[in-house]
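K.L.:
Okay, structure incoming, though there's no sequence with it:
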Ligand SMILES: [Cu+2]
C-alpha cells in the first residue's frame, strides 16, 4: 500500500478450532464492523476473533515506508493442548526500499507483537469495546428469560482406549447446553420433520430453559455432574417473542471461551462478566442503549455473556459453539420458532421438487 492510504481489512477466523489474536506491526487498527454489523469505531493494537467471527478494520499507512508483519496466533483460554505456531503475511509499503527482504537486514519486515496465548484480559478488554454506532432498539419486555450452561463433560466409553476415548480414565470428551448433549438427527432433518408434523423419532421440544440442577458453575464442580444426557431437543419460541439468554460457561473439564453462534438471527450482546451470573446484581450493568449486534459471541472463560433478540424468523435454528470439535461433542441446541400470521411470517413451503426420500 502507498503511504497515507487507508485500506479495509475484513478479518475472518476460519481456524475451526481456535480463537485467534491478530495484529499488524507498529500499526493501530480501527475496528468499524463485526459479524457484518457496523460498530462504533475504536482503535486497538490487536483484535481477537473466535471461529466464525469476522472483524472489519481500517488500516492507515502512517508509518515509515518499510515491510511490516501481519500476524495471528492462538488465544487459548482452555486448559488443553493447542497449536502455538504463528501465521504471518507481510504488509509492504509501495515506497519501501526495493531491496529484497533477505538481502539486507535493515529491509527485513518488522515483527508484530501479539498478546500471550492465555491473555484473557486483553481478549476481554477488546471485546468490551464493541458497541453499536448509535442507540439501537434492544428488546426490553423479555418474554423468554433463558439461562444456558455451556461447557464440556465426559462420557464413559464402552470400549476404552479406542481412538475416540481420549479423556481421562477411559472416558471420552463430550459437551452440552443445560446438561443436554445434542445428537444430530439421522432419519430426517429437524426442519422437515417439524414442517411435516412428524417429529417422533427425530426431535423433542423439551429442551430445558434452565439447568436441571443449580450448582457453582465456575467453581469446583462435583464429578457427579460431569456426564450430560444425550438428546435431540428443541426449545419452542412464539413468533415475535423477546428473548434473553444468559450463556454461562462451566468449569467442567476446563473453563473455556466458547464462541456461541445462533443461526437465523443477529442478537445484541447486552452484558458480560466473570464467575457465575447473578441476576440481582449483574442485570443493572447491562448496556441497553448501544450494545453490539453480532451473530457469534464468546462466553468468557469461567464467565457469562447475555444476549437479546426478537424471535421474528420462523423455523428451526441451531445455536451452537463454533469450535468445530465442540459441535459434534454436543454443544448445540435448536430453537423452534413458530409461525406468525400470514405467509409473510411463516416458513416457506418446501420446493416442489424436494426429493421424497
Ligand atoms: Cu466450545
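P.N.:
Here it is on my side, so go on. On a predicted model such as this, the values are computed, not experimentally measured, just so you know.

K.L.:
who does the longest helix along the chain touch, helix- and strand-wise?
P.N.:
Of all the segments assigned as helix in the chain under DSSP state H, the longest by residue count is helix 120-128. Secondary-structure packing of helix 120-128 (3 or more C-beta pairs under 8 Å, 6 or more residues apart in numbering; DSSP states H and E): strand 19-24, strand 46-49, strand 267-274. The way it works is simple: take the backbone N, C-alpha and C, and place the C-beta from them, glycine included.

K.L.:
tell me the angle of it relative to strand 19-24?
P.N.:
When axes from the mean of the first three to the mean of the last three C-alpha atoms, to 10 degrees is applied, the directions of helix 120-128 and strand 19-24 differ by 80 degrees.

K.L.:
Do a quick rundown of the helices in the protein.
P.N.:
Using DSSP H, helices in the chain cover 120-128, 190-196, 324-329.

K.L.:
Could you give the bridge partners of the one residue in the stretch 101-250 of the chain that gets nearest to the ion?
P.N.:
Distances between the stretch 101-250 of the chain and the ion by C-beta to the ion are smallest at residue 175, namely 6.4 Å. Applying DSSP bridges to residue 175 yields these beta-bridge partners: residue 152.

K.L.:
Burial check on it, number of neighbours?
P.N.:
Burial of residue 175 is recorded as 26 neighbouring residues (other C-beta atoms under 10 Å).

K.L.:
Show me which residues of the protein sit near the ion.
P.N.:
By C-beta under 5 Å from the ion, the part of the chain that sits against the ion consists of 258, 321, 323, 326.

K.L.:
possible to save the residues you listed as TSV with neighbour count, distance to residue 14 and pLDDT?
P.N.:
What follows is those, written out as TSV (neighbours: other C-beta atoms under 10 Å; distance: C-beta to C-beta, whole Å; pLDDT from 0 to 100):
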residue	neighbour count	distance to residue 14	pLDDT
258	30	18	97
321	30	16	98
323	25	13	97
326	25	16	97
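
K.L.:
Just the ones in strands from those, please.
P.N.:
258, 321 (DSSP state E).

K.L.:
Output the below-cut-off pLDDT ranges for the stretch 151-300 of the chain.
P.N.:
Counting by pLDDT under 70, the stretch 151-300 of the chain shows low-confidence ranges at 160-161.

K.L.:
where do the strands sit along it?
P.N.:
Listed in chain order, the strands found in the stretch 151-300 of the chain under DSSP state E, counting those that start in this stretch are 171-177, 180-182, 229-231, 234-237, 242-249, 258-262, 267-274, 293-294, 296-299.
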